[in-house]
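# model the following, please.
(one chain, ligands or ions: 2)
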Amino acid sequence: MEIYLYNTLSRQKEKFKEIYPSKVGLYTCGPTVYNYAHIGNLRSYLFEDLLKRVLLYNDYKVKHIMNITDVGHLTGDMDMGEDKIEEQAKKEKKNAYEIANYYTKAFVADIKALNIEEPDIWCKVSDHINEQIELIKTLEKKGYTYLTSDGVYFNTAKFENYNQLSHLPLENLKEGARVEKNQEKKNSTDFALWKFSPKDKQRQMEWSSPWGTGFPGWHIECSALSLKYLKKQRDIHCGGIDHINVHHSNEIAQSEAATGEKFFNYWLHNSFLNIVGGKKMAKSEGNFLTLKKIIKELNINPLAYRLASLQVHYRKPMEYSRESFLSAQESLDKLYKQIDLIKDKNLKTAKVDEKFKLQFLKAINDDLNAPQALAVLFNLLKSDLKDEDKLKTALDFDKVLGLDLKNAGSYLNQTIEKEKWPKNLKQLLEKRTLARENKDYQTADNLRKEVEGLGYILEDKQSGEQIIKKKR
Ligand code: AMP
Ligand code: ZN
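Ligands and ions are numbered 1, 2, ... in the order given. Next up, the predicted model:
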């Protein structure tokens, strides 16, 4: 079936046509590893994972590349300010490599928790300095660069189609008001390809180059890495909408200037995760939440965030609130219960239902309409199909949804039989029963908190019986 994707280049849904039959090259801009990813960043990776799974479900072979930015991303996005990694290293009294390693591991743990499939190739920017230098040399030879006192810059005025992605009049693409202006730039949209190390201090990450010791600018990495690993298979490139006007516009300019070829055919961008009131979640705003933090505080399964992200189309803004995530957890529990009820069916003779599958495909192939795809799943579960066919079809859909439905039962709060209660729990419960008999509700309440602190959920039945469940 045909797949339609909204291409930021044309600002419309386009029928997807791959470069090589049945194969797709996919490049997704990766994290800058100077801190934990926030759940806003993770929305980008969830969207890209949905895209990848939809392509795989449609029988494409996907080659997926993601960079790890461990050098060159400055605190000011317009090539001014400090390197984010080196600045964090100072704060944490570690070296830049330790910071990058630590936060890379944390990032990989987050995406695993969200059941996001890893890319085929991870590439660290600091491992690919030569490739970036070579690309800058090509641009220099072709006359697209100039030197300033702090680096080598790309002259955007020499590249005719600079605003092909942003569609903005060029005078609108000015440097942000907060950022100190670089007086030596020829055009406000010009950007650094190579930055020199400061004269008075040695950086932790720096390399020699034909222009002087320094480090690559932030944008050149994604061009060098896509060209190296995808070669001509440059089908789809993704990121958040904040990358459209600067980062991705710069990637296109320098890559197309160097190769004389179209860089990528399709550019897909996800909208933001905002906090209530419409403010973007961002590290620089200091309003960011990590996945670890919300899982702990709300006692939710990370896959509840995955479900919440599927409930909103990727091009629509999504709002974070405690209530919305708790309600996603409730929906996930309901779904897991429904699946758990039919889990023991023999799937050997079961069939994926063609009618529901067609509806599901129509939804996901229409610019990844996940909310619609979820509606198809819920209708399937409500339908009067045979249980085994329902289960088989739901598990088939889960290749795209990634909610780990096959293990549904293991995510439900499991009741622990009385005989298996550990001693310390038993003691607390006995004390609590006594307190309640003496109508000392304050003590009873404190004891309940202690029980919860041990990782249990306590439910009082009307009969007086106490039910203990293990927290997720
Ligand atoms: P960074 O690590 O800052 O390069 O960001 C990683 C990804 O997260 C990029 O694709 C950004 O566009 C995206 N991003 C940043 N903030 C948000 C947000 N609040 N909601 C959704 N995506 C975001
Ligand atoms: Zn990038």
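
# domain ranges for the chain?
Listed by automatic domain parsing, the domain ranges of the chain are 4-270, 295-411, 418-470.

# what's the closest of the ones you listed to Gly277?
Gly277 sits nearest to domain 295-411 of all these, at 8.6 Å, using Cβ to Cβ. For the C-beta atoms, the positions are set from N, CA and C on the backbone; glycine is no exception.

# returning to that earlier point: just name the most buried of the domains of the chain.
domain 4-270 (a mean of 19; mean count of other Cβ atoms under 10 Å).

# is it up against ligand 1 anywhere?
Yes. Against ligand 1, domain 4-270 shows contacts by Cβ under 6 Å from any ligand atom at Cys29, Pro31, Thr32, Gly40, Asn41, Arg43, Ser44, Gly239, Gly240, Asp242, His243, Asn270.

# that older thread, can you lay out the domains of the chain as JSON lines showing mean pLDDT?
Listed next are the domains of the chain as JSON lines, based on pLDDT from 0 to 100:
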{"stretch": "domain 4-270", "mean pLDDT": "92"}
{"stretch": "domain 295-411", "mean pLDDT": "95"}
{"stretch": "domain 418-470", "mean pLDDT": "89"}
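
# compare these and give me the one nearest Asn287.
Going by Cβ to Cβ, the one of these nearest Asn287 is domain 4-270, 8.8 Å.

# next, the distance between the ends of that closest one.
One end of domain 4-270 to the other measures 16 Å (Cα to Cα, to the nearest Å).

# what about the strands in the stretch 301-450 of the chain?
For the stretch 301-450 of the chain, the strands defined by DSSP state E, counting those that start in this stretch cover 318-320, 414-415.

# run the chain-centre distance for the last one.
Translated: strand 414-415. 32 Å (Cα atoms, centre = their mean, to the nearest Å).

# which residues does the residue in the chain that ligand 1 sits nearest to contact?
Closest residue of the chain to ligand 1, Cβ to the nearest ligand atom: Gly240 (2.1 Å). Contacts for Gly240 were tallied using Cβ atoms under 8 Å, 6 or more residues apart in numbering; they are Asn41, Arg43, Ser44, His269, Asn270, Ser271, Phe272.

# how about 7 Å then?
Counting by Cβ atoms under 7 Å, 6 or more residues apart in numbering, Gly240 touches Ser44, His269, Asn270, Phe272.

# in strands, which of those residues appear?
His269, Asn270 (DSSP state E).

# quick check: residues of this protein near ligand 2?
By Cβ under 5 Å from the ion, the residues of the chain that approach ligand 2 are Cys29, Cys222.

# related to what we said a few turns ago, adding distance to Tyr102, write the strands of the stretch 301-450 of the chain out as TSV.
Listed next are those as TSV, based on distance: least, Cβ to Cβ, whole Å:
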stretch	distance to Tyr102
strand 318-320	25
strand 414-415	34
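
# excluding its backbone neighbours, what's nearest Lys195?
Gly151 (4.1 Å; Cβ to Cβ, 6 or more residues apart in numbering).

# quick check: phi and psi at that neighbour.
When read as degrees, to the nearest 10, the backbone of Gly151 gives phi 170, psi -170.

# in the sheet, who's paired with it?
Thr148, Lys195 (DSSP bridges).
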